[in-house]
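> Below: sequence and its predicted model.
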Amino acid sequence: MSENDEVLFDTKENNDENIPVDQRSIKVTIRSNLDPIVIEIAGDDNVDFIKQNILIELEKRGKPQKVSDLILIKDDEVLDNGAEEIHFLTNGEGHLDLELKFPHRLKRQRFSDESNEIRKRNAINSRTRLRNCVLLQKNFQACIDSCQTNSDPRDRKIIDVDELENKEEPTGRDLGYMVRDMATSIRTWSYQLDQMSKLLTKCHENPDESNDSYENASRLVQNNMDAARYMSHQLNHFTQFVVPLGDDPPRKLSVLPDLIKDSL
């Protein structure tokens, strides 16, 4: 007999209309990730009796288990009352379909599901934070450009489009590109901050608001302040990233758990 064959145990005689319901023969089919097990029992046999027959069959198949390793399910409900008689589960019918689960497999499946959920949630959080960083970086650079060209900050448009919009799971390389741009911008910004420093440390009388020097000074200060505001938010997001250097490339980005972030 192969493992693919259904196994039939005749432990009771066939039923008859004159036999009381609780003594009639009931065909029980137990399905799992293994080949089905089919047994025939009387209606007054109980759940524990079914489990004992399952153990016998699993032993024959070279897959021994303990009673505590068996979970029988009917219509998504666990049969946890071992003394419950079978005829109460059949509604007077001559057959019963049950599902067999193994706790250790359920735990593995639950762990796998939880791991997938954590990974999915982490991918969303990482993508959101990196996308915010990229957008803030672009606007930060736009403020620096305005400083260099002495442009009116009121004419500067807010940038809200980035290349990460459709990226599923950002990697360390994506973060590296953003850091490279940030480093270049900060280097350039330092010269604008130096210009602002010289402006503020010079001892001049209050300039006339109608002349060009006042307008140029106002633009320099405002563009630098705007750049600082963008950079402040960008650094806040940047400090939340975790780069798993021990993983093989491409390294998936993650973010600090809320518990750790709250303590910073």
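Received the coordinates, thanks.

> for the protein, which helix is longest?
helix 103-149 (DSSP state H).

> ok now the helix or strand that that helix is followed by, how far from the chain's centre?
Proceeding N to C from helix 103-149, the next assigned helix or strand is helix 172-201, under DSSP states H and E. The chain centroid and the centroid of helix 172-201 are separated by 35 Å under Cα atoms, centre = their mean, to the nearest Å.

> Enumerate the positions of the helix or strand that helix 172-201 is followed by that are buried.
Next helix or strand after helix 172-201 toward the C-terminus (DSSP H and E): helix 212-238. For helix 212-238, the neighbour count (16 or more other Cβ atoms under 10 Å) marks 217, 219-220, 222-224, 226-227, 230-231, 234, 237-238 as buried. The C-beta positions use only the backbone N, C-alpha and C, and glycine is treated the same way.

> need the residues you listed in CSV with pLDDT and distance to Asp48, can you?
Formatted as CSV, these follow (pLDDT from 0 to 100; distance: Cβ to Cβ, whole Å):
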residue, pLDDT, distance to Asp48
Ala217, 91, 89
Arg219, 94, 85
Leu220, 95, 85
Gln222, 96, 80
Asn223, 96, 80
Asn224, 96, 79
Asp226, 96, 75
Ala227, 97, 74
Tyr230, 96, 69
Met231, 96, 69
Gln234, 96, 64
His237, 92, 58
Phe238, 93, 60
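
> and which of those residues is nearest to Thr128?
His237 (9.0 Å; Cβ to Cβ).

> Excluding chain neighbours, what is closest to Asn139?
Spatially, and ignoring its direct neighbours in sequence, Asn139 is nearest to Tyr230 (4.9 Å; Cβ to Cβ, 6 or more residues apart in numbering).

> contacting residues around that neighbour?
136-137, 139-140, 143 (Cβ atoms under 8 Å, 6 or more residues apart in numbering).

> How far does stretch 124-142 sit from its chain's centre?
With Cα atoms, centre = their mean, you get 21 Å for stretch 124-142.

> Okay, buried residues for that stretch please.
Buried residues in stretch 124-142, defined by neighbour count with 16+ other Cβ under 10 Å: 125-127, 129-142.

> Asn53 - how many residues pack around it?
Asn53: 19 surrounding residues under other Cβ atoms under 10 Å.

> what's the first-to-last distance across stretch 160-174?
Using Cα to Cα, to the nearest Å, the end-to-end distance of stretch 160-174 comes to 18 Å.

> For the longest helix of the chain, enumerate the helices and strands it packs against.
Other elements packing on helix 103-149 under the criterion 3 or more Cβ pairs under 8 Å, 6 or more residues apart in numbering; DSSP states H and E are helix 172-201, helix 212-238, strand 241-242, strand 254-255.

> Columns distance to Gln65 on top of these, output as JSON lines?
Output for these, formatted as JSON lines (distance: least, Cβ to Cβ, whole Å):
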{"stretch": "helix 172-201", "distance to Gln65": "45"}
{"stretch": "helix 212-238", "distance to Gln65": "51"}
{"stretch": "strand 241-242", "distance to Gln65": "41"}
{"stretch": "strand 254-255", "distance to Gln65": "38"}
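
> quick one: which of the ones you listed is nearest Asp152?
So among the helices and strands packed on helix 103-149, helix 212-238 is nearest, using Cβ to Cβ, at 6.3 Å.

> Poorly predicted segments of the stretch 1-150 of the chain, please.
Filtered on pLDDT under 70, the stretch 1-150 of the chain yields the residue ranges 1-23, 67, 69, 79-83, 85, 87-89, 91-92, 102-116.

> quick one, what contacts the nearest residue to Asn122 once chain neighbours are set aside?
Leaving out its chain neighbours, the residue that sits closest to Asn122 by Cβ to Cβ, 6+ apart is Ser254, at 5.0 Å. Ser254 makes contact with 122, 125-126, 241-242, 244 under the criterion Cβ under 8 Å, 6+ apart.

> redo that, cut-off 7 Å
122, 126, 242, 244 (Cβ atoms under 7 Å, 6 or more residues apart in numbering).

> a markdown table for the residues you listed, including distance to Lys51?
As requested, those are arranged in a markdown table below (distance: Cβ to Cβ, whole Å):
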| residue | distance to Lys51 |
| --- | --- |
| Asn122 | 41 |
| Ser126 | 46 |
| Val242 | 47 |
| Pro244 | 45 |
